[in-house]
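> Following is a predicted model, sequence given first.
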Amino acid sequence: MHLANRSLVTTVTAVCSAVVLCAALTGCAPQAEEKPKASGASGQAGATAGACAPGGLATEVEGKLTVGTDKPAYAPWFSDDEPSNGKGFESAVAYAVAKQLGYGRDAVVWQHVPFNSAFAPGAKKFDFDINQVSISESRKKAVAFSSGYYDVRQAVVALKSSKAAGAKSAADLKDVKLGAQVGTTSLEFINDLVKPTTKPAVYQRNDFAKSALKTGQVDAIVVDLPTAFYITGAEVPEARVVGQFPNSADEPEQFGLVLDKESTLTSCVSGAVDALRKDGTLAALEEEWLSDAVDAPVLK
């Protein structure tokens, strides 16, 4: 946006008197300011400092920052199904991003947004959504993403008594019944990497997938690694983390904040995430809230 303004000033200077002050230049040729397009992880240039003035962004509600997430809001990403308490990794990240943008906790408004709706085509009523949404090229066709705030690994969870519990590779899972939440990269890993002989079971929520696991309707489910350790440690103690899928070395899977496709905030939000990564805040929050998600065997 500032580059465009410099071009405007150069043009106007050519036709106005050289002794006219800068304020007069604006009067010579008034021009509506063009808002920056969505950028961030979508690959466009970052916003300038002026466009990201602390607390002065063009948000959905003036002076407020509206943040979307699903309900229930699951641990370890949130705590007690209450996004506004600042507990859990994603709640803490959301408030850290808000602070970086110049919005205090009282200025953050949480909004219920179903998982699939967050990245579906269409206008959004939130400023950004945070809900373990992986950045992908297909999703970028409908929404914009910030820089990644968490590097993701997908993992397999099975009951200790299940035939899937001893799997050492993706090939060992081809003949077991697998399940995952609809619209997730967990489901994509099943279809694209495991390629099971039996069609995977698909659930609207991870809660339903966990219930299916406990009742033996599926042999194993696929979720992100921190969720896998939380399930086995706190919710389904009779289950174990079988292993994790390897990430692509060239393009690791990352969670990103979701914004409207034409959001003017994307580059500002990406800048905030980048700053939090650079100063160690993201690493510290990961250590605080996801430290139980320790290493797991890699499924070759």
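All right, it came through fine.

> Report pLDDT for S248.
We have a pLDDT of 67 for S248.

> could you pull out the strands for the stretch 151-300 of the chain?
154-159, 178-181, 201-203, 220-224, 239-244, 254-260 (DSSP state E, counting those that start in this stretch).

> Dump the C-alpha coordinates for the fourth one into PDB.
Spelled out, that is strand 220-224. What follows is strand 220-224 as a C-alpha-only set of coordinates in PDB (Å, rounded to 0.1, in the frame of the first residue of the first chain):
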ATOM      1  CA  ALA A 220      -8.100 -47.200  15.000                       C
ATOM      2  CA  ILE A 221      -8.600 -43.500  14.500                       C
ATOM      3  CA  VAL A 222      -6.300 -40.800  13.100                       C
ATOM      4  CA  VAL A 223      -5.900 -37.400  14.800                       C
ATOM      5  CA  ASP A 224      -3.100 -34.900  15.300                       C
END
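
> could I get the strands of the stretch 151-300 of the chain as a markdown table with mean pLDDT and mean neighbour count?
Quick note: C-beta positions are derived from backbone N, CA and C, even for glycine. Shown next, in a markdown table, are the strands of the stretch 151-300 of the chain (pLDDT from 0 to 100; neighbours: other Cβ atoms under 10 Å):
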| stretch | mean pLDDT | mean neighbour count |
| --- | --- | --- |
| strand 154-159 | 97 | 26 |
| strand 178-181 | 98 | 24 |
| strand 201-203 | 98 | 18 |
| strand 220-224 | 97 | 27 |
| strand 239-244 | 96 | 22 |
| strand 254-260 | 98 | 26 |
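
> need those in JSON lines with distance to D192, can you?
Formatted as JSON lines, the strands of the stretch 151-300 of the chain follow (distance: least, Cβ to Cβ, whole Å):
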{"stretch": "strand 154-159", "distance to D192": "11"}
{"stretch": "strand 178-181", "distance to D192": "12"}
{"stretch": "strand 201-203", "distance to D192": "15"}
{"stretch": "strand 220-224", "distance to D192": "12"}
{"stretch": "strand 239-244", "distance to D192": "16"}
{"stretch": "strand 254-260", "distance to D192": "17"}
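
> To S138, which of the ones you listed lies closest?
Distance to S138, taken as Cβ to Cβ, is lowest for strand 254-260 among the strands of the stretch 151-300 of the chain, at 13.4 Å.

> Quick one: distance of the closest one to the chain centre.
Distance, stretch centre to chain centre, for strand 254-260: 4 Å (Cα atoms, centre = their mean, to the nearest Å).

> how about the strands of the stretch 151-300 of the chain, which one is nearest A144?
Comparing those by Cβ to Cβ, strand 254-260 comes nearest, at 4.5 Å.

> Now do that closest one: which elements does it pack against?
Using 3 or more Cβ pairs under 8 Å, 6 or more residues apart in numbering; DSSP states H and E as the contact test, the elements touching strand 254-260 are strand 128-129, strand 143-151, helix 266-278.

> which stretch among the strands of the stretch 151-300 of the chain comes nearest G63?
Closest approach to G63 among the strands of the stretch 151-300 of the chain (Cβ to Cβ): strand 254-260, 18.6 Å.

> I'd like to check the angle between that closest one and helix 266-278, please.
Angle of strand 254-260 versus helix 266-278, following axes from the mean of the first three to the mean of the last three Cα atoms, to 10 degrees, is 150 degrees.

> Pull out the CA atoms of strand 254-260 and give them to me as CSV.
In CSV, the C-alpha atoms belonging to strand 254-260 read as follows (Å, rounded to 0.1, in the frame of the first residue of the first chain):
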residue,chain,number,x,y,z
GLN,A,254,1.0,-26.6,9.6
PHE,A,255,-2.0,-25.2,11.4
GLY,A,256,-2.8,-21.6,10.3
LEU,A,257,-5.3,-19.0,11.3
VAL,A,258,-8.2,-18.8,8.9
LEU,A,259,-9.4,-15.5,7.4
ASP,A,260,-11.9,-14.4,4.8
